[in-house]
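Visitor: no sequence on hand, only this structure:
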Ligand SMILES: Cc1cc2nc3c(=O)[nH]c(=O)nc-3n(C[C@H](O)[C@H](O)[C@H](O)COP(=O)(O)O)c2cc1C
Ligand SMILES: Nc1ncnc2c1ncn2[C@@H]1O[C@H](COP(=O)(O)OP(=O)(O)OP(=O)(O)O)[C@@H](O)[C@H]1O
């Protein structure tokens, strides 16, 4: 799969493709339905498939402080697009200049002049453009004028409700990992490199792998039963805290720290994959380090018990 970063990097060789547009945050089952149909259209027309995404996502550009927390970074989305068999991704920088493009100009400059699309696949409720005037009817009209077909994908629902990134965030906030997995079509996980922490964990009798979170915010908060896939492929149960660590830290930045159960070994520098199974408790500010140490010991005991249960399911 080829990544094209920015409209200025679109080359004549990219001209002539089938495309879809969106945020695709989480790459959930609704998104996957679009990607499957895009791939089918690409095969039918013998053209490459192209996903157009924005970075930052438009709401992050307009309201950086209140935009919904991300489920997937660009890197995660790219991996999932590649797994879905997409040929190319055009990542457009959503900036001051770009936001002024009206729906007509977007179609002309991006879809027609730059990409020369022959087919567009979108959800039936998709809207875009500076005034969100670009809805399905608009796209169909534009397609007739400019020579590309437009196909809607019917809304994918689970339990009678639309699958959406918003719904996945809500499921995670309620620690409903079973629903999150059904919506995503895969278990929810966070991956990243293990960094050096303050090395306090050892003195708390709970050495932790500090996983680099590229963003300040995370869709989860608290202490969770997790399992961790190591570089070797081995899966190890653990207990994780995701939060700002108010007992030892005054910053606002979210940290993900995992204590692996009954494990010893050096994980620094490794890329690990953390899957969340169940919430144990909220993160708290403790009076002292001994109080925190006691709470972590209880978390570890509870995680050990919960994991036995998971194992025998
Ligand atoms: C299972 C677990 C639960 C935790 N719960 C809390 C908590 O409730 N409040 C808090 O301030 N920090 C909590 N922490 C974070 C610890 O403060 C942190 O892991 C410790 O300071 C070690 O940090 P270091 O790895 O940077 O040395 C928790 C960590 C673990 C592993
Ligand atoms: N459940 C769904 N069924 C079918 N298509 C969907 C579904 N959800 C999103 N899409 C389509 O996927 C494309 C990308 O959607 P996008 O990520 O922008 O929105 P979204 O998933 O609805 O997110 P949000 O919850 O933030 O509104 C669009 O064409 C959209 O219409």
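Guide: Structure received. What you are looking at is a predicted structure, and each value in this text was computed from that prediction instead of being measured. Residues are numbered from 1 along each chain as shown. Ligands and ions are numbered 1, 2, ... in the order given.
Visitor: please count neighbours and contacts with C-alpha atoms only from this point.
Guide: OK.
Visitor: quick one: low-confidence residue ranges for this protein.
Guide: 130-131, 201, 216, 312-313 (pLDDT under 70).
Visitor: mind listing the strands for it?
Guide: Taking DSSP state E to define them, one finds strands in the chain at 2-5, 17-21, 49-55, 88-93, 117-123, 149-153, 157-158, 161-162, 189-195, 209-211, 222-229, 235-243, 255-260, 271-281.
Visitor: and the gap between the spatially closest residue to residue 235 that is not a sequence neighbour and residue 207?
Guide: Leaving aside its chain neighbours, residue 235 sits nearest to residue 229 (4.5 Å; criterion: CA to CA, 6 or more residues apart in numbering). Per CA to CA, to the nearest Å, residue 229 is found 17 Å from residue 207.
Visitor: surely residue 95 and residue 61 touch.
Guide: Yes: the pair residue 95 and residue 61 qualifies as a contact (CA atoms under 8 Å) at a distance of 7.2 Å.
Visitor: who's in contact with the residue nearest to residue 235?
Guide: By CA atoms under 8 Å, 6 or more residues apart in numbering, the contact set of residue 229 is 235, 236, 272, 273, 274.
Visitor: change it to 6 Å
Guide: For residue 229, the contact set (CA atoms under 6 Å, 6 or more residues apart in numbering) comprises 235, 272, 273.
Visitor: am I right that the second one is in contact with residue 230?
Guide: Yes: in this structure, residue 272 is within contact of residue 230 by CA atoms under 6 Å, at 5.2 Å.
Visitor: who has more neighbours, the two?
Guide: Counting neighbours by other CA atoms under 10 Å for residue 272 and for residue 230 shows that residue 272 has the greater number, 21 against 15.
Visitor: number of residues surrounding the nearest residue to residue 269 once chain neighbours are set aside?
Guide: In this structure, residue 269 finds its nearest non-sequential neighbour in residue 194, 5.1 Å apart by CA to CA, 6+ apart. Using other CA under 10 Å, residue 194 is surrounded by 22 other residues.
Visitor: ok, residue 194 - contacts?
Guide: Neighbour list for residue 194: 209, 210, 211, 268, 269, 270 [criterion: CA under 6 Å, 6+ apart].
Visitor: filter those down to the buried ones, ChimeraX style.
Guide: Per 16 or more other CA atoms under 10 Å, the buried members of these correspond to this ChimeraX selection:
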select :209,210,211,270
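Visitor: make CSV out of the contacts of residue 194 and add distance to ligand 1.
Guide: Shown next, in CSV, are the contacts of residue 194 (distance: CA to the nearest ligand atom, whole Å):
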residue, distance to ligand 1
209, 7
210, 6
211, 10
268, 12
269, 14
270, 15
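Visitor: how near is residue 17 to ligand 2?
Guide: For residue 17, the distance to ligand 2 (CA to the nearest ligand atom, to the nearest Å) stands at 17 Å.
Visitor: any idea how many residues pack against that residue?
Guide: The number of residues packed near residue 17 is 22, by other CA under 10 Å.
Visitor: beta partners for it?
Guide: Beta-bridge partners for residue 17, by DSSP bridges, are residue 117.
Visitor: in this structure it contacts residue 117, no?
Guide: Yes: here residue 17 reaches residue 117: they are 4.9 Å apart, a contact under CA under 6 Å.
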